[in-house]
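**Q** here are the coordinates; sequence isn't available:
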């Protein structure tokens, strides 16, 4: 089964949403208030980045379930691996995280594997 363009774009959108959600979770983590009492900690979990991340994950989950309605899980799931490549790249640009040559090679291998699984006939 070849995955059509619409479903491919949907799967890419889910992976991108998961990646953006991870950046938002990192932003939320940086706003956590630790060591100032349980109430302050609990309130710090309700930051804008946390709410945005949870909302984005909720939308991505709905899209994922919709996409699975017409795709075998074995063909759709490898697209989740794209988030493993997107998150470090986005984190590099958003937070200045370092990416070495070996890391970039690993990302290229992930992308190559995704290409192979997405183009199986």
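**A** Sure thing, it's come through. Predicted model, so just to flag it, every value in this text is computed and none were measured.
**Q** do a quick rundown of the helices in this structure.
**A** Ranges of helices within the chain are 5-30, 38-44, 48-68, 73-76, 81-95, 101-118, based on DSSP state H.
**Q** could you dump the ones you listed to JSON lines with mean neighbour count?
**A** All C-beta spots, glycine's among them, are computed from the backbone N, C-alpha and C. Converted to JSON lines, these look like this (neighbours: other C-beta atoms under 10 Å):
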{"stretch": "helix 5-30", "mean neighbour count": "18"}
{"stretch": "helix 38-44", "mean neighbour count": "11"}
{"stretch": "helix 48-68", "mean neighbour count": "15"}
{"stretch": "helix 73-76", "mean neighbour count": "14"}
{"stretch": "helix 81-95", "mean neighbour count": "16"}
{"stretch": "helix 101-118", "mean neighbour count": "13"}
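**Q** quick one: residue 20 from residue 2, how far?
**A** Noted for residue 20: a distance of 28 Å to residue 2, by C-beta to C-beta, to the nearest Å.
**Q** contacts for the lowest-mean-pLDDT helix or strand in the chain?
**A** Lowest by mean pLDDT, DSSP states H and E among the helices and strands of the chain is helix 38-44, with a mean of 85. When contacts are defined by C-beta atoms under 8 Å, 6 or more residues apart in numbering, helix 38-44 is touched by residues 31-34.
**Q** gap between residue 51 and residue 94?
**A** Distance, residue 51 to residue 94, by C-beta to C-beta: 18 Å.
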